[in-house]
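1. Build me a structure from this.
(chains A and B)
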There are 2 protein chains.
Amino acid sequence: MDAAVCFSGGKDSTLAALLLEPFYDVTLVCATAGLADSAAHAREAAEAVGFQFERVGLEERVVREAAERVVADGFPRNGIQAIHEHALEEVAALGYDTVADGTRRDDRVPTIPRAFAQSLEDRHGIDYLSPLTGFGRGAVDRLVETHLDVESGPSETVPKADYETEIRAVIAEEYGQATVEECFPEHVQTRVRGRQ
Amino acid sequence: MDAAVCFSGGKDSTLAALLLEPFYDVTLVCATAGLADSAAHAREAAEAVGFQFERVGLEERVVREAAERVVADGFPRNGIQAIHEHALEEVAALGYDTVADGTRRDDRVPTIPRAFAQSLEDRHGIDYLSPLTGFGRGAVDRLVETHLDVESGPSETVPKADYETEIRAVIAEEYGQATVEECFPEHVQTRVRGRQ
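-> Below you'll find the model as predicted:
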């Protein structure tokens, strides 16, 4: 069976791929509208961990609407959730047997309710997997430490391919950098450099 | 890191163990009060798939209270949930770094809410994992078919080591076989005979 894992270059989606690797023919898939340099960073990270890679295009409209939502809310949660749901639909349409992501038990965003998962499965004739939903923060950290070589830093210095990168680029362009900083709490991003 | 996987001899807990095997030193742990011939069946299944095995005792009171609950409810859900929560506490106290079970996304019982998982982790200083929480029914069935050799049949003919077996034994003894059949819907049980 083959599996497409939605991939940002970060530790969660990479760890999800490692968990599936013994059971599925895994391809890491980066969904991006091309509004930042995302796909190149994701491809580099995918090669560093030795997985096949594919890019799927998101409509620019989806990211721009998410950026508007983030500015209106003043926080990123709902905008990121909207892009992720849209990305899952696009990846589910690619023809893989299985679609997976790096959603974790202790995350607030993105979250995929069981009803959404089952609907995605039924409409596309796929299995949807979220291998990290059964893992807490501590377990994820310990597995990452043991199995991955990870670079950490503030969002603006770690080049990544997640939805936040594109939303930040759109907000910076339309509203200026100060609005980016108002909407996104400072936090540490990770990028995977390889396996341990 | 070592991991104790709560084990009934069935396909779900075995599949959970297979998913963890590349990352953890796995022991299958059967929690039983010894009211049915459970531990022997679980040990046999554990040996058939090549994992280490340990039995942990449950207080007979826990199973008897669950049986009373099942008879009072007329269905097994709450009784099974109560035993599973108790078993997780006992297994978490054994000293393993990690405790896991075969809870699945699409099951109604047992379910482990995030708050219970985090409380278990904090109180015992362990990681709690439910590797199948991120897998739907279809994905579990396909993985089982590919990786396990499984025997299926009605509950009364497939010797197993799950909580249902002990609850049925207690109800049969105290209320008679007709009450067992009133409380438990007919369903197909599985027992693992080995790997594929």
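
2. contacts, neighbours, all on C-alpha from now
-> Will do.

3. Show me which residues of chain A sit near chain B.
-> Of all the residues in chain A, those in contact range of chain B (C-alpha under 8 Å from any C-alpha of the partner chain) are A:19, A:23, A:105-106, A:114, A:118, A:127-136, A:138-139, A:143.

4. now with 7 Å?
-> Residues of chain A lying near chain B by C-alpha under 7 Å from any C-alpha of the partner chain: A:127, A:129, A:130, A:131, A:132, A:133, A:134, A:135, A:138, A:139.

5. What is the most widely separated pair among the residues you listed?
-> Across the residues of chain A next to chain B, the longest distance by C-alpha to C-alpha is 27.0 Å; it joins A:127 and A:138.

6. sorry, back to before: just the residues of chain A next to chain B now: which is nearest residue B:46?
-> Using C-alpha to C-alpha, residue A:134 is the member of the residues of chain A next to chain B that sits closest to residue B:46, with 22.4 Å.

7. Can you give me every residue that contacts the nearest residue to the closest one once chain neighbours are set aside?
-> Nearest non-adjacent residue to residue A:134, counting by C-alpha to C-alpha, 6 or more residues apart in numbering or on different chains: residue B:130, 4.4 Å away. Counting by C-alpha atoms under 7 Å, 6 or more residues apart in numbering or on different chains, residue B:130 makes contact with A:134, A:135, B:100, B:101, B:102, B:103.

8. Any chance of JSON lines for the residues you listed, columns neighbour count and distance to residue A:75?
-> Shown next, in JSON lines, are these (neighbours: other C-alpha atoms under 10 Å in any protein chain shown; distance: C-alpha to C-alpha, whole Å):
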{"residue": "A:134", "neighbour count": "28", "distance to residue A:75": "26"}
{"residue": "A:135", "neighbour count": "23", "distance to residue A:75": "26"}
{"residue": "B:100", "neighbour count": "28", "distance to residue A:75": "35"}
{"residue": "B:101", "neighbour count": "29", "distance to residue A:75": "36"}
{"residue": "B:102", "neighbour count": "23", "distance to residue A:75": "36"}
{"residue": "B:103", "neighbour count": "24", "distance to residue A:75": "34"}
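
9. Pick out whichever of residue A:127 and residue A:138 has more residues nearby.
-> residue A:127 (24 against 14; other C-alpha atoms under 10 Å in any protein chain shown).

10. centre of the chain versus the longest helix along chain A, how much separation?
-> The residue-count maximum for a helix in chain A (DSSP state H) belongs to helix A:77-92. Mean-position distance between helix A:77-92 and its chain equals 9 Å (C-alpha atoms, centre = their mean, to the nearest Å).

11. mind listing what's buried in it?
-> A:77-84, A:86-88, A:91-92 (16 or more other C-alpha atoms under 10 Å in any protein chain shown).

12. Pick out the residue nearest the middle of chain A.
-> Centroid-nearest residue in chain A: residue A:8, 4.3 Å away (criterion: C-alpha atoms, centre = their mean).

13. Report the contact partners of it.
-> Per C-alpha under 7 Å, 6+ apart, neighbours of residue A:8: A:30, A:42, A:160, A:161, A:162.

14. ok, now with 6 Å
-> Shown in contact with residue A:8 (C-alpha atoms under 6 Å, 6 or more residues apart in numbering or on different chains): A:42, A:161, A:162.

15. SS state for it?
-> Look at residue A:8: counting by DSSP: H, G, I helix; E, B strand; the rest coil, its state is coil.

16. Please state the backbone phi and psi of it?
-> phi -110, psi 0 (degrees, to the nearest 10).

17. Let me see the confidence value for it.
-> We have a pLDDT of 89 for residue A:8.

18. how far away is it from chain B?
-> Per C-alpha to the nearest C-alpha, to the nearest Å, residue A:8 is found 19 Å from chain B.

19. repeat for residue A:151
-> For residue A:151, the distance to chain B equals 22 Å [C-alpha to the nearest C-alpha].

20. What of residue A:183?
-> 28 Å.

21. Residue A:39 too?
-> With C-alpha to the nearest C-alpha as the criterion, residue A:39 and chain B are 26 Å apart.

22. On the three-state scheme, that residue is what?
-> Following three-state DSSP, the label given to residue A:39 is helix.

23. what do you get for the one 3 residues further on?
-> Remark: residue A:42 carries the secondary structure label helix [criterion: three-state DSSP].

24. if I pick it, what's in contact with it?
-> By C-alpha under 6 Å, 6+ apart, the contact set of residue A:42 is A:8, A:9, A:161.

25. which stretches of chain A form helices?
-> With DSSP H as the criterion, chain A has helices spanning A:11-20, A:38-49, A:60-73, A:77-92, A:114-124, A:137-147, A:163-175, A:177-183.

26. Out of those, which one sits most buried?
-> Mean neighbour count (mean count of other C-alpha atoms under 10 Å in any protein chain shown) peaks for helix A:11-20 among these, with a mean of 23.
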